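Asker: I need the structure of the sequence given here:
(chains A and B)
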Amino acid sequence: MRVGIGVSIELDYIKAAKEAVEKAKISINAPNIDFALLFTTLEFSHPLVLQTTARLIGPIPLLGASSTSIISSLGPLRHGLMLILFSLGEGAYFNAACVKDIAVKTAFAAGEELGEKLLYGCKDVHRNLSVVFSSTDTAGSSNLVTGMQEKLGSSFPLVGGSLPKAAEHQENSVYCGSELLNDAACGILWGGKLNFGLGIEHGWQPLGKPRQITRAGLDTVNEIDGVAAVNLYKEYFAKEIPELKRELKRISVFYPLGIAVSEKKEYLLRSVSSIKNDGSLIFRGETPEGRSIRLMISSKEACLSSARQAAQTAMNNLRGKKVKFALVLNSSSRYALLGRLAGQEIKIVQAALGEEVPLAGIYTSAEQAPLASTNYSNLGKSYFHNNSIVVLAIAE
Amino acid sequence: MLIFLIYALTTIPLSLMLIYKMKGMDQLRAQTDKLKKSLDDMDEQAKLIVRTDMELNKIQEELDKKISGLYAIQKLSHIISMTLEEEQIFKRIQPEYLGELGFEKAFGFLWDDEKKQFTLRFSIGYAEEEIKPIASFMNSNKERCANFIMGERTLSSISASNNLISPEQLNEVFKVSSFIISPLAPQQVNKGLIFAGTQNIETQVTEGDEELLKILATQLAQSLENARLFEKIWRSQQELEKKVSERTRELTTALEEVKKISENKTNFVSSVSHELRTPLTSIKGYAAILLTGKLGDLPKEVHERLEKINRHSDELVHMVNELLDISRIESGKVAMRTEICGLKEIAAKVEDLLAGQLKERKLYLNIGINPEANSVLADCTQIERVLINLIGNAMKFTPPEGKITIRSLKTDKMVQVDVIDTGCGIPEEAHQAIFDEFYRVDNTINQEVKGTGLGLALVKHIIEAHSGKIWVTSAPGAGSTFSFALPAVT
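Answerer: All right, here's what the predicted structure looks like:
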């Protein structure tokens, strides 16, 4: 497998696309290109970028996504675009697909549709991994993963990212060919000769006493320990709802809730996306009723250390195989928490993978990956994560 | 009874067990309560930790932001202060610096006093079609914008009233959710404003951000002022250079004309001198033949007149020769054959040559050539001629028993030769003119002593042809010192 990456920070859409394609082609130096991934920052989420890129790379599948920032070997890029070209080796297969109108179809049905499309033509092939990007604000969007698992298998390795928005009026998009799609998802299914190593960490620790979700639905928690969910934050921060709403961004980044995962000493993080006036909390991901939860806390050091751990785990899972490409899906909350050290996190990942490894990625609002990623043979079911970093190292 | 006994035997231990168990339960309950209390205490501590952590995070965030912002401002200030071109100043505001300040969109407008409108000077993060509505907004709200600029206050989405920019305008026209706007050079003619904003709803503008943009605006205003001053100075300099160039051209033309006139004069003098010399030679020849008496004895009166003709012819020949020499040197026809000349030898030769006349006039010649200032790079014959002329002149104007001194000294890369006499001296106003052709100082001696008025002019031409210079220091009654400097042998 060969991978070529081209980055551009040109302001002009067409010039930027041209530059990225040119650089990626030079970097891959391969006669046949099988498919392409395009990551852009929000201002480059423009039809001209897609049309130019699609025209220049020719008739090959082009998928991608836009975000507030993208990740290159040099660190986070707040303005720019990045094209990753893949030339798969012999015996490796892939399929690419998209699903639109998730809100209309429901996240679960859209997940099933995407899973079905990805399986098309790959049913008799040994399937390895699926990578998915979604741009939807639909309630219960974590069901997209459940829907896909319905078709691909509940323990099938599935890695993905939901895309963040910079502003309420701004749309986040996924790319499918030369189409720019909102409220949609796109995915790739890899099969055949392919090895990968996966690492996922968040670096948050539980604090305070455990509590229980006593009334909830999809990604809304109505009550915790029998009282309005918001009381938990009111108690901890000694602030009323209006103040909490003003501080929501900070609370969401620094103090998510951790859902205890049964039989595993792991916590699935859930960061608050909004506070309703009735005291309910909306989270980025499903919050099942009856689950034990705790307030979580982290620090910059713990965050950086977890990034190192995720990259090392991904490398360990590859058992010495040479990494051809690394995909990083990193929570935008971590970017906010780390502030000036956000670049250092990427450097740590790059150093753990090896300086020569081509690295690309995107900042996400939620990440999809299995829990027990340390054991390749027991990857397990994929979950919706928040505030986490996913490092996917791909080898032949 | 037996039943009662059995009942008692079974109930008593059971009761005892129950009592024991209840005690255990009480203990367990007490322990649970204790644990619960510990957990609650721990939770209370956790609350304190979380609140402190949040405050620390806020401070840290603000500090990080300030450090990044200050770093970006420092870099930006340095970069914009490196240029004195207005266009370049704005071009140097690059997206990466803006990003470090926490913004991805920015623009700057300056008031164009000629067009009476705000003109866009730079924009970052806006497409062309996005900036047009902003320019329209600026110019359809000129008064509001001018008032804001003159208010000299930096405002932001946290401090500005909706009258300045409404939330709808913010989204629809300016395409941002948070912004900072700062006046630019409010006291100057080309005043304007700078705007920075972000679409990121997670970015919260702070007072610190306002301060940073204010610093940037001040720096920009300073750089713009510097650029304007530089342009003003540059334009003045250009005008001055133009004037100097015009004057130089005029002077060059005038000089060319003077050179041409001088050349014509030289040619004329040369031609006339040549034309004069031929008949003069004949006159002198015939006078000499007649004086020999070969053509017959001459009456005494005729002899006397012939001698006068002969003497005057000699003077005329001498004058013509000097004129010819001057014109040759002026026209560059006489090349100076430079070689190492010993001043002592030349002076001695001149002394020998003039010894008779010196004796006749009862004048004392003192030669004081400094051995360290003896060698000069010159045409020895011409330098001998210079000394003959200068000593000849000194002899003319120095009364009997007077003293003439020749001395030399070394100055820098030149050798200076002084010819000092104890003669009548020259008034200051004639110090320059005596080196002009045919100029003679108006004094009694000059009225008595004949001269061509060409000797010093010839000397000056010879010295200048050696890249040297000549001057005189003198005052009436105090004698004269004629000095000339020639390149020394290094």
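
Asker: quick one, helices of chain A?
Answerer: Remark: helices assigned in chain A by DSSP state H are A:13-28, A:47-57, A:102-105, A:107-119, A:143-152, A:230-237, A:241-246, A:248-254, A:300-317, A:332-338, A:342-353.

Asker: relative to residue A:391, which of the ones you listed is closest?
Answerer: Shortest distance between residue A:391 and the helices of chain A, using Cβ to Cβ, is found for helix A:300-317: 4.3 Å. For the C-beta atoms, the positions are set from N, CA and C on the backbone; glycine is no exception.

Asker: got the CA coordinates for that closest one in CSV?
Answerer: Output of helix A:300-317 as CSV, limited to C-alpha atoms (Å, rounded to 0.1, in the frame of the first residue of the first chain):
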residue,chain,number,x,y,z
LYS,A,300,-3.2,18.9,30.1
GLU,A,301,-0.5,16.5,31.2
ALA,A,302,-3.0,13.6,31.5
CYS,A,303,-4.4,14.5,28.1
LEU,A,304,-1.0,14.4,26.5
SER,A,305,-0.1,11.2,28.2
SER,A,306,-3.3,9.6,27.0
ALA,A,307,-2.4,10.6,23.4
ARG,A,308,0.9,8.9,23.8
GLN,A,309,-0.8,5.9,25.2
ALA,A,310,-3.3,5.7,22.3
ALA,A,311,-0.5,5.9,19.7
GLN,A,312,1.6,3.3,21.5
THR,A,313,-1.3,0.9,21.8
ALA,A,314,-2.0,1.3,18.1
MET,A,315,1.7,0.4,17.4
ASN,A,316,1.6,-2.5,19.8
ASN,A,317,-1.4,-3.9,18.1
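
Asker: so for that helix, what gets flagged as buried?
Answerer: Neighbour-count burial for helix A:300-317, counted by 16 or more other Cβ atoms under 10 Å in any protein chain shown, picks out A:300, A:302-304, A:306-315, A:317.

Asker: next, count neighbours for whatever residue of the stretch 301-450 of chain B ends up closest to chain A.
Answerer: Residue nearest to chain A within the stretch 301-450 of chain B (Cβ to the nearest Cβ): residue B:413, separated by 62.5 Å. Per other Cβ atoms under 10 Å in any protein chain shown, the neighbour tally for residue B:413 reads 10.

Asker: which bits of the stretch 301-450 of chain B sit near chain A?
Answerer: Within the stretch 301-450 of chain B, no position is adjacent to chain A by Cβ under 8 Å from any Cβ of the partner chain.

Asker: do a quick rundown of the strands in the stretch 301-450 of chain B.
Answerer: B:339-342, B:364-368, B:375-378, B:403-411, B:414-421 (DSSP state E, counting those that start in this stretch).

Asker: now those in JSON lines, with mean neighbour count and mean pLDDT?
Answerer: Shown next, in JSON lines, are the strands of the stretch 301-450 of chain B (neighbours: other Cβ atoms under 10 Å in any protein chain shown; pLDDT from 0 to 100):
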{"stretch": "strand B:339-342", "mean neighbour count": "15", "mean pLDDT": "91"}
{"stretch": "strand B:364-368", "mean neighbour count": "14", "mean pLDDT": "92"}
{"stretch": "strand B:375-378", "mean neighbour count": "23", "mean pLDDT": "90"}
{"stretch": "strand B:403-411", "mean neighbour count": "18", "mean pLDDT": "92"}
{"stretch": "strand B:414-421", "mean neighbour count": "22", "mean pLDDT": "94"}
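
Asker: out of the ones you listed, the one nearest residue B:324 is which?
Answerer: Taking those one by one with Cβ to Cβ, strand B:375-378 is closest: 21.1 Å.

Asker: and the closest one, what does it pack onto?
Answerer: Applying 3 or more Cβ pairs under 8 Å, 6 or more residues apart in numbering or on different chains; DSSP states H and E, one finds that strand B:375-378 contacts strand B:339-342, strand B:480-487.
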